[in-house]
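Novice: Here is a sequence with its predicted model. Questions after.
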Amino acid sequence: MPTQIKNVIFIGASGDLGGPVITHFLSLHNAQAPFTVSALTRQNSTAILPSGINVIRTDYTIASLESALKGQDVVISMLGYDGIHLQKTIIDAAIKAGVKRFIPSEFGSRTYDDKVRDAVPIFGGKRQIVEYLKANEGKISWTAVINGALFDLGLKVGFLGFDLQSHRAKLFDAGTVPFGATNLHTISHALFSLLSSPSNFADLQNKYIHIASHMTTQQEILAALEKITGKTWEKVPVNGRELSQTSLEKFQKGDSGALTGLIQAMTWGKLGDENLGDFRGEKLYNERLGLPKEDLEADVAAVLEGKAP
Ligand SMILES: NC(=O)c1ccc[n+]([C@@H]2O[C@H](COP(=O)([O-])OP(=O)(O)OC[C@H]3O[C@@H](n4cnc5c(N)ncnc54)[C@H](OP(=O)(O)O)[C@@H]3O)[C@@H](O)[C@H]2O)c1
């Protein structure tokens, strides 16, 4: 008997990732309406959540979580780094509540790869959660989404290395390392396809699935930016290995702001024999999930025009 998903709850629905993703997910679900969508938020959170969802508050005790998750089929966690460790208790509560699938807060790099984790040690916390899910596969299933960098958000806020105001590009190791990156709405689409199709839901259990709006390089993005703006951008070379080392030292001394440099150096830097941000060698699930083909130049233009994300 195929599993029909009815009730989906997001955790971290007010975050940088969760906010836009749940909003787009709701627009898809309104069109086809198969889900009741809820959001779990902290007791004292001042987060503003979209209308049209059930908001459930928790103090993160197992009893409160179990009661919050009763009747839910799927938990989608989009907790930030401060909340990653809480997922273990959430999983325990989800098992007690009879939840079928847990989608952990991954949504980025290939945290299952030891070299990626060595370069960005904080990814170890994400890995531990998937290990815990693997150990509990008889009780709850899981799917982890690996989407690389966030394309539209990362371009807008400078994470991809481009300052859209000053037309300045930081090019990590010449900007030639290929990497995967995904638009926020594409992540919503992937989650919607995963949950609304019983065969996708069944087949994609207990695995990492990779998706990408674009497999590209910083140089390709720069070419699109220069073409669209009609300007020659200032190029600032960045040595990936040096950035990685200085960011790691700062991060280990408690500077959480150094995480950005650490992830940038891992994604675009040439740190060793492999380019760690490059997942062209992994199977992509775009087609299986019915994700639209996306055009790099159009996506860059949308961000420059303030139409995305
Ligand atoms: N691939 C990329 O480029 C990329 C970029 C950004 C993020 N991500 C990933 O996306 C996921 C979410 O990241 P984010 O930046 O969106 O997270 P975030 O904004 O830092 O936090 C998301 C939500 O987590 C809850 N939260 C925060 N601190 C908490 C705590 N101490 N205890 C319990 N809950 C807490 C809050 O929800 P409430 O207030 O509702 O409780 C918050 O809105 C992470 O896995 C992150 O690595 C990937």
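Specialist: Perfect, thanks for sending it. From a predicted model like this one, the values you see are computed outputs, not experimental measurements.
Novice: rest of the way, CA atoms for contacts and neighbours
Specialist: Noted.
Novice: where's residue 294 relative to the ligand, distance?
Specialist: If you measure residue 294 against the ligand using CA to the nearest ligand atom, to the nearest Å, the figure is 18 Å.
Novice: quick one: that residue is in a strand?
Specialist: No. Counting by DSSP: H, G, I helix; E, B strand; the rest coil, residue 294 is not found in a strand; it is coil.
Novice: The closest residue to it other than its chain neighbours and residue 152, how far apart?
Specialist: Leaving out its chain neighbours, the residue that sits closest to residue 294 by CA to CA, 6 or more residues apart in numbering is residue 213, at 5.9 Å. According to CA to CA, to the nearest Å, residue 213 stands 10 Å off from residue 152.
Novice: cool, and residue 301?
Specialist: To residue 152, residue 301 is 10 Å away according to CA to CA.
Novice: and if you look at residue 141?
Specialist: Per CA to CA, residue 141 is found 30 Å from residue 152.
Novice: Ok, residue 60 next?
Specialist: From residue 60 to residue 152 the distance is 32 Å (CA to CA).
Novice: which of those two has more neighbours?
Specialist: Just comparing residue 60 and residue 152: by other CA atoms under 10 Å the higher neighbour count belongs to residue 152, 23 against 19.
Novice: ok, now which ones touch that one?
Specialist: By CA atoms under 8 Å, 6 or more residues apart in numbering, the residues touching residue 152 are 182, 183, 184, 299, 300, 303, 308, 309.
Novice: Out of the residues you listed, the closest to residue 104 would be?
Specialist: Of all the contacts of residue 152, residue 104 sits closest to residue 184, with 16.6 Å by CA to CA.
Novice: Can you say which helix or strand has the residue lying closest to the closest one once chain neighbours are set aside in it?
Specialist: Distances taken as CA to CA, 6+ apart put residue 21 closest to residue 184, at 6.1 Å, once the chain neighbours are dropped. Using DSSP states H and E, residue 21 maps to helix 18-32.
Novice: Quick one: mean pLDDT over that helix.
Specialist: Across helix 18-32, pLDDT averages out at 87.
Novice: Pull out the buried residues from that helix.
Specialist: Under the neighbour-count criterion of 16 or more other CA atoms under 10 Å, helix 18-32 has 18, 19, 20, 21, 22, 23, 24, 25, 26, 28, 29 buried.
Novice: my read: the third one touches residue 187, true?
Specialist: No. Distance between residue 20 and residue 187: 9.8 Å, which falls outside the contact criterion (CA atoms under 8 Å).
Novice: hang on, the earlier thing: okay if I get the contacts of residue 152 as a markdown table plus secondary structure?
Specialist: As requested, the contacts of residue 152 are exported to a markdown table (three-state DSSP):
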| residue | secondary structure |
| --- | --- |
| 182 | strand |
| 183 | coil |
| 184 | helix |
| 299 | helix |
| 300 | helix |
| 303 | helix |
| 308 | coil |
| 309 | coil |
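Novice: Dump those into TSV; add distance to residue 54 as well.
Specialist: Shown next, in TSV, are the contacts of residue 152 (distance: CA to CA, whole Å):
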residue	distance to residue 54
182	28
183	26
184	22
299	32
300	35
303	31
308	27
309	24
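Novice: I'd like to know which of the residues you listed are buried.
Specialist: Neighbour-count burial (16+ other CA under 10 Å) is assigned, among the contacts of residue 152, to 182, 183, 184, 299, 300, 303, 308, 309.
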